[in-house]
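Peer 1: sharing a model that was predicted from the sequence below.
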Amino acid sequence: VLVSCGVRHIKFWTLVGDNQLKAKRGIYGQEGVQQTMLCVAFPDGGLALTGAQTGDIFLWKGANLEWQFEQAHTGPIFAISTYPDGFLS
């Protein structure tokens, strides 16, 4: 899976056939609010973490938002790094 993110968007890309990518928009559901995403990291288990301009951190399973940690930081999150026991931002 490849993830692209930016101003008010996040897309999850999968390889179809030998040379074609297919995009699926991130699904925020009832709770999530679409934001500008600045970085992405990949912990184990097919998950993705994204950091937002607002300081929120999002956890994605596939293209679906699983969890949103609001105000993880007081400013934008420019980098996330994953480790066996968690992540740093």
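Peer 2: In hand now; what should we look at? Numbering: from 1, shown residues only.
Peer 1: can you tell me the centre-most residue of the chain?
Peer 2: Thr50 (3.3 Å; CA atoms, centre = their mean).
Peer 1: you'd agree it is up against Ile57?
Peer 2: Yes: taking CB atoms under 8 Å as the definition, Thr50 is a contact partner of Ile57 at 7.2 Å. Where you see a C-beta, it was placed from the backbone N, CA and C, and this is true even at glycine.
Peer 1: pull up the overlap in contacts between these two.
Peer 2: Ile80 (CB atoms under 8 Å, 6 or more residues apart in numbering).
Peer 1: before we move on, back to that, how about the secondary structure of the residue nearest to the centre of the chain?
Peer 2: Classification of Thr50 by DSSP: H, G, I helix; E, B strand; the rest coil places it in strand.
Peer 1: distance of it from Gln20?
Peer 2: 24 Å (CB to CB, to the nearest Å).
Peer 1: also Ser89?
Peer 2: Ser89 is 33 Å from Gln20, by CB to CB.
Peer 1: who has more neighbours out of those two?
Peer 2: Ser89 (16 against 8; other CB atoms under 10 Å).
Peer 1: mind listing what the more buried one touches?
Peer 2: 51, 57, 72-73, 77, 79-81.
Peer 1: what about 6 Å?
Peer 2: Shown in contact with Ser89 (CB atoms under 6 Å, 6 or more residues apart in numbering): 51, 77, 80.
Peer 1: can you pull the contacts of the residue lying closest to the last one once chain neighbours are set aside?
Peer 2: Just to be clear, that refers to Ile80. Leaving out its chain neighbours, the residue that sits closest to Ile80 by CB to CB, 6 or more residues apart in numbering is Ala41, at 4.0 Å. Listed by CB under 6 Å, 6+ apart, the contact set of Ala41 reads 49, 80, 82.
Peer 1: what about the first one, neighbour count?
Peer 2: Using other CB under 10 Å as the criterion, Leu49 is surrounded by 22 other residues.
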